[in-house]
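[1] missing the sequence, but the structure's below:
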């Protein structure tokens, strides 16, 4: 399928992309002799030397002709290519994944997890899957981010909203960072199951609808949502500088609970209280 090729998430493709993004100086190699290099980034032989493998073996890795590399080789590749924690995980996912799982099962969210989201009455909270589908949300999350209830299940996806909804540039104060991270999250998912029909459809739709997505997707950037700052803009409450924490729910579904908080007494906390007072049933 043409759409499947859009994923382009083989181990060799990732190695080539990462290699092209490093300079000899990045890898602490001797400065090249005068004259222009014929390839961007590191040469294959330079990476092979850093990893401690033969050039022939490294070439076979990039061409997908090598057997599964050992953990020692993957660790050496991670160091040579200066991979961070999420990028290292992605590298191992690409090297270790087995036969593609093509079966598509309905998304099932435990009722207890929905009740957990509803229990957050003074701060936004929601549950997403690995493809950024929003599966559950509380009233404050809807008030701050989007009226999720007014969307179809397919539209209720953070990647679709960020790249295909013009209003997202107003909602997300740092839209570029939000877009970059979202692409990275989808790349992490593709590293585990690149042929999952829902993911293939999503990447195809975003690639057709957004030149920015196509450009970011081609970088092979990966990102794992953990914790950090997040700023939203609301037409009535103004800008809210929040902190988010992500909690990965055990199980094969890879659901993630995301909670946004603000320090007590801060302007962001006061803005959340204001938003809460506007809800049909104010929290507290």
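    Everything's here; your move. Just so we're clear, the structure is a prediction, and the values are computed from it rather than from any experiment.

[2] which residues of the stretch 51-200 of the chain fall in helices?
    Under the criterion DSSP state H, counting those that start in this stretch, the stretch 51-200 of the chain contains helices at 55-62, 71-80, 85-96, 111-119, 139-144, 158-164, 168-171, 175-192, 197-209.

[3] Just the pLDDT at residue 101, thanks.
    Looking at residue 101, its pLDDT reads 51.

[4] so can I have TSV of the helices of the stretch 51-200 of the chain showing distance to residue 45, mean neighbour count and mean pLDDT?
    No exception for glycine: its C-beta is placed from N, CA and C like everyone else's. What follows is these, written out as TSV (distance: least, CB to CB, whole Å; neighbours: other CB atoms under 10 Å; pLDDT from 0 to 100):
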stretch	distance to residue 45	mean neighbour count	mean pLDDT
helix 55-62	5	17	88
helix 71-80	12	17	90
helix 85-96	20	19	86
helix 111-119	50	13	94
helix 139-144	51	20	97
helix 158-164	38	22	98
helix 168-171	44	16	97
helix 175-192	26	21	95
helix 197-209	33	18	93
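
[5] Show me what counts as buried in the longest strand along the chain.
    Longest strand in the chain, counting residues (DSSP state E): strand 238-248. Of the residues in strand 238-248, 240, 242, 244 count as buried by neighbour count, 16 or more other CB atoms under 10 Å.

[6] before we move on, the earlier item: closest one to residue 21 among the helices of the stretch 51-200 of the chain?
    Counting by CB to CB, residue 21 lies closest to helix 85-96 out of the helices of the stretch 51-200 of the chain; the figure is 10.8 Å.

[7] counting contacts, what elements does the closest one pack onto?
    helix 11-20, helix 71-80, helix 175-192 (3 or more CB pairs under 8 Å, 6 or more residues apart in numbering; DSSP states H and E).
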